[in-house]
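Engineer: pasting the structure only:
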Ligand code: APR
């Protein structure tokens with residue numbers, strides 16, 4: 001079941017939340033900063049041992065002080081105008097996050113809008129990619145949550161699901 005909510009992903013009690021990280025996995029601003037602040041310093045220590053992550057790939061860590069059991073860190077593409085394979089890399093972020101979640105028995109997973117903040121990916125196009133991958137994994141999870149930070153973002157996802165005739 002795909003659910004669209006507006007809220008702070010660090011507050012969700014799910015099996016896994018997905019982090020919009022950078023290739024160092026050592027924290028940053030936006031949702032990455034919020035997740036590191038809420039998870040505590042053990043997250044940074046753990047991620048130091050992961051040796052980074054390429055764009056489009058995903059790595060997993062415990063949730064530490066967060067309510068979630070797991071944090072799946074994925075690195076979205078920076079938007080350079082759409083001619084540098086950005087859409088394929090963004091799709092890989094969602095697909096690789098789902099595959100990693102399945103390998104860890106995750107049933108309820110929440111995603112932020114990967115790449116739609118600092119990395120500048122247009123929100124509408126990013127939501128279409130996110131929703132299309134979410135729908136292909138829909139039957140393998142109990143809850144797939146699109147956790148939008150703003151009402152505007154939530155609206156984009158709700159309209160996107162409706163346009164795809166999702167019930
Ligand atoms: N909960 C849910 N969503 C959030 C939260 C939060 N607490 N904080 C921010 N967001 C939303 C933003 O509004 C945006 O829609 O997450 C989406 C992704 O934005 P960013 O966090 O800026 O991530 P991204 O665009 O992928 O850029 C990644 O930013 O923070 C750095 O270290 C990170 O270098 C990396 C880059």
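Structural biologist: Nice, I can see it. No experiment lies behind these values; they were computed from the predicted model shown.

Engineer: please count neighbours and contacts with C-alpha atoms only from this point.
Structural biologist: Will do.

Engineer: strands of this protein, residue ranges please.
Structural biologist: For the chain, the strands defined by DSSP state E cover 2-6, 16-21, 58-62, 70-75, 108-111, 143-148.

Engineer: figure out which of those strands is closest to the ligand.
Structural biologist: Taking CA to the nearest ligand atom, strand 16-21 is the member of the strands of the chain nearest to the ligand, at 4.5 Å.

Engineer: around the ligand, pick out the residues from this protein.
Structural biologist: With CA under 6 Å from any ligand atom as the criterion, the chain meets the ligand at residues 8-10, 20-22, 27-34, 76, 112-120, 147-149.

Engineer: deepest of the strands of the chain, which one?
Structural biologist: Neighbour counts (mean count of other CA atoms under 10 Å) averaged over each of those peak at strand 16-21, with a mean of 30.

Engineer: that strand pairs with which strands?
Structural biologist: Sheet pairing of strand 16-21 (DSSP bridges) gives strand 70-75 (parallel), strand 108-111 (parallel).

Engineer: save these as a markdown table, and put in mean pLDDT too.
Structural biologist: Formatted as a markdown table, these follow (pLDDT from 0 to 100):
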| stretch | mean pLDDT |
| --- | --- |
| strand 70-75 | 98 |
| strand 108-111 | 99 |
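
Engineer: tell me which of the strands of the chain lies nearest to residue 135.
Structural biologist: Minimum separation from residue 135 across those (CA to CA) falls at strand 2-6, 7.6 Å.

Engineer: which other helices and strands does the closest one contact?
Structural biologist: Judged by 3 or more CA pairs under 8 Å, 6 or more residues apart in numbering; DSSP states H and E, the packing partners of strand 2-6 are strand 143-148, helix 151-163.

Engineer: which helix in this protein runs the most residues?
Structural biologist: Using DSSP state H, we find that the single longest helix of the chain is helix 86-103.

Engineer: nearest to residue 51, of the strands of the chain?
Structural biologist: Residue 51 lies closest to strand 58-62 among those, at 10.1 Å (CA to CA).

Engineer: what score does residue 164 have for pLDDT?
Structural biologist: On the pLDDT scale, residue 164 is placed at 88.

Engineer: number of nearby residues for it?
Structural biologist: 12 (other CA atoms under 10 Å).

Engineer: would you list the phi and psi of it?
Structural biologist: Residue 164 has phi and psi values of phi -90, psi 0 when expressed as degrees, to the nearest 10.

Engineer: can you get me a residue count around the residue nearest to residue 120 when sequence neighbours are not counted?
Structural biologist: Excluding the flanking residues, the one nearest residue 120 by CA to CA, 6 or more residues apart in numbering is residue 79, at 5.4 Å. Using other CA under 10 Å, residue 79 has 19 other residues around it.
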